[in-house]
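Chemist: the sequence isn't on hand, but the structure is:
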């Protein structure tokens, strides 16, 4: 009797364990797994769209936020190695796609029926060329962007006698000189015009060098194929501009991020940031604090549109997906006009589609969220990253030279850009 | 039958250790040696590259700098650690009120998480808002770029690491000091020796084995310098605080150059082995 009870107990434990390990326990086997970003807005958005889909479709979509990790990129890599990738992932950094594409783990989306027609309907041809992989296929769908712009304290800008944030390098430098202060009289500057993280970490350059380079150059590439193409006057100008700001102490070399927000406490007047700053500022700004956004500063002789880095997050389908055609149908459903409206309304992130600011469908949203207008206007002039499997190394090499030249002034801008370019070329030789 | 059982039993008893050793020591070591001859970014298949990683290693200026940085850290950290630990141990070895409290207080940083300690010191070292610079300004001195001046940053990290670890070495020195026979001091007192003479002529020679143990432990600990620069400086400014382990980590888990990272790791392990071997020879000679 005792042995029988033990056997029954073991059977129950094993059965429960096996069922709880099964991923598709709610939907049976015909299910598509979908990982979204893990911020609360996107989790709600993903739940909403999948519920809507599941109501009328036989093959269900099960959403879950990307598991917690140091970064979503690391989590995805771990999933790739462990062969536990989802079928759809909607928060893929554009710069990672080429490496995954070369590893052969992504579905070439241009092989899916109707994909290219859909893409041309949604995006400009320049965006399509930007996301095209080196093998000619397209493995990602441009989904959302967070353009990097210049946020500025309107009160300070007005005090300096300006109507808007300085638009050119010389105006920016002039305003920096006027604003710089030692407010407590200890002999050290404690009010800087701007601030950018001085850390050498590669992605920090998305918030200083890279958007400034794109702005100055009209959206030029850093690398093309196996060659560095940033050894040009635009990169040198950006290095010169920023180097001067640090040399004159208009930008702090100290990390200000560990203390009270220096922008909201008016210790700095501007910084380069994205639309996520709006909800932060609205929650924590002091009474009477007014701010707005403007494009990145450009060289004095600049003409034409002012580009910036769009921080694009795209959608991919992994080859482990059993139903790529159905996954594509699901994506078409969420990427149409109404789907994008839902995205911007629920997450305050800009869909990467043509003429979003002019589209009457989104008019109400921008009327209700006036701070987002600047980002919507900027959305037509954003760039992501170049297709390269070693993009992190490219940014790291630039970042090393940036630190030496811009922050510590131990190299001339010309030499630093030359050295970074040579190092990137060496990288491709390996 | 019984004879067979007797033959198998010893193997069964040692098998857990053998399995553990094979899985978690032998396999990783052999696999990382194999990796040194390959290019592998985890997601794509391994590609045999012969000695390319070794050639790259000898041309890699940043790796050389990371080794020099680590050596600089050791040069500052080890003597500082020994002097401070020995000084405090000597005081705590005297008849002192609240001795237990002080011993516990000095040991406390050892058991606090390295990341927590590092973040705490980051606040102390801040250029504009850090406590140290505020104190300097109060007494009329100029601010120091504790973590932003490439010439000072590694020293700042070494001081912090000393504060974090000194408690452990105080305990070791206390044990060493308590093994010195009291009659040596009594005899010295009779001869009229001063405190300094007693310290240099009796204490130091008697605790020589402890000092060597502390040197070896500090050396091995110092070679594995990682958390402090990783959290505080990210290896900057101008790579002045990038340690060898941090650089190996960056190559492996930041850029996924697994083959190259394994090559750096193997080379660095050989350096540590050599240094520890030389130290061991010194210990054997002097004891």
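Modeler: Sure thing, it's come through. Computed from a predicted structure; not experimentally measured. Residues are numbered from 1 along each chain as shown, chains lettered A, B, ... in the order given.
Chemist: residues contacting the residue of the stretch 101-250 of chain B found nearest chain A?
Modeler: When scored by CB to the nearest CB, the stretch 101-250 of chain B has residue B:127 as its residue closest to chain A, at 4.0 Å. Where you see a C-beta, it was placed from the backbone N, CA and C, and this is true even at glycine. With contacts taken as CB atoms under 8 Å, 6 or more residues apart in numbering or on different chains, residue B:127 has the following neighbours: A:253, A:254, B:133, B:143, B:145, B:146, B:147, B:148.
Chemist: ok, the closest residue to it other than its chain neighbours - contacts?
Modeler: Nearest non-adjacent residue to residue B:127, counting by CB to CB, 6 or more residues apart in numbering or on different chains: residue A:254, 4.0 Å away. Residues near residue A:254 by CB under 8 Å, 6+ apart: A:198, B:126, B:127, B:128, B:129, B:148.
Chemist: the stretch 51-200 of chain B against chain A: which residues are in contact?
Modeler: Applying CB under 8 Å from any CB of the partner chain, we find that the stretch 51-200 of chain B lies next to chain A at B:52, B:56, B:122-123, B:126-129, B:137, B:143, B:145, B:148, B:150.
Chemist: quick check on those: which are buried?
Modeler: B:52, B:56, B:122, B:126, B:127, B:128, B:143, B:145, B:148, B:150 (16 or more other CB atoms under 10 Å in any protein chain shown).
Chemist: touching, residue B:259 and residue B:44? I think so.
Modeler: No: shown here, residue B:259 and residue B:44 do not form a contact pair, counting by CB atoms under 8 Å, at 11.7 Å.
Chemist: ok, the two, which is more surrounded?
Modeler: Neighbours were counted for residue B:259 and for residue B:44 using other CB atoms under 10 Å in any protein chain shown; residue B:259 has more, 26 against 16.
Chemist: the contacts of residue B:127: which two are farthest apart?
Modeler: The largest separation in these, counting by CB to CB, is between A:253 and B:133 at 13.3 Å.
Chemist: between these two, which is the more surrounded one?
Modeler: The neighbour comparison of residue A:253 against residue B:133 (other CB under 10 Å) goes to residue B:133, with 23 against 17.
Chemist: the spatially closest residue to that one that is not a sequence neighbour: helix or strand, and which one exactly?
Modeler: Distances taken as CB to CB, 6+ apart put residue B:143 closest to residue B:133, at 4.3 Å, once the chain neighbours are dropped. Counting by DSSP states H and E, no helix or strand carries residue B:143.
Chemist: list the contacts for residue B:143?
Modeler: Residue B:143 sits next to A:188, B:127, B:128, B:133, B:136, B:137 when contact means CB under 8 Å, 6+ apart.
Chemist: quick check on it: phi, psi?
Modeler: phi -70, psi 150 (degrees, to the nearest 10).
Chemist: all strands of chain A, in order?
Modeler: A:31-36, A:60-65, A:88-93, A:141-145, A:149-153, A:223-224, A:227-228, A:270-273, A:291-294, A:308-309, A:313-317, A:350-351, A:382-383 (DSSP state E).
Chemist: highest average neighbour count across those?
Modeler: strand A:308-309 (a mean of 28; mean count of other CB atoms under 10 Å in any protein chain shown).
Chemist: show me where chain B has strands.
Modeler: Going by DSSP E, chain B shows strands at B:38-39, B:47-48.
Chemist: okay, now the sheet partners of the first one, with direction.
Modeler: Based on DSSP bridges, the pairing partners of strand B:38-39 within the sheet are strand B:47-48 (antiparallel).
Chemist: what's the strand it pairs with in contact with?
Modeler: Everything outside strand B:47-48 that qualifies as a contact, by CB under 8 Å, 6+ apart, is B:37, B:38, B:39, B:40.
Chemist: return the residues in contact with residue B:159.
Modeler: Neighbouring residues of residue B:159 by CB under 8 Å, 6+ apart: B:76, B:80.
Chemist: quick one: terminal-to-terminal distance for stretch A:179-193?
Modeler: This stretch, stretch A:179-193, spans 6 Å end to end (CA to CA, to the nearest Å).
Chemist: so who does the residue nearest in space to the middle of chain A touch?
Modeler: The centroid of chain A falls nearest to residue A:311 when counting by CA atoms, centre = their mean (2.3 Å). Residues in contact with residue A:311, defined by CB under 8 Å, 6+ apart, are A:145, A:146, A:147, A:148, A:206, A:274, A:384.
Chemist: isn't residue A:299 right next to residue A:236, touching?
Modeler: No: Residue A:299 lies out of contact with residue A:236 (CB under 8 Å); the separation is 10.4 Å.
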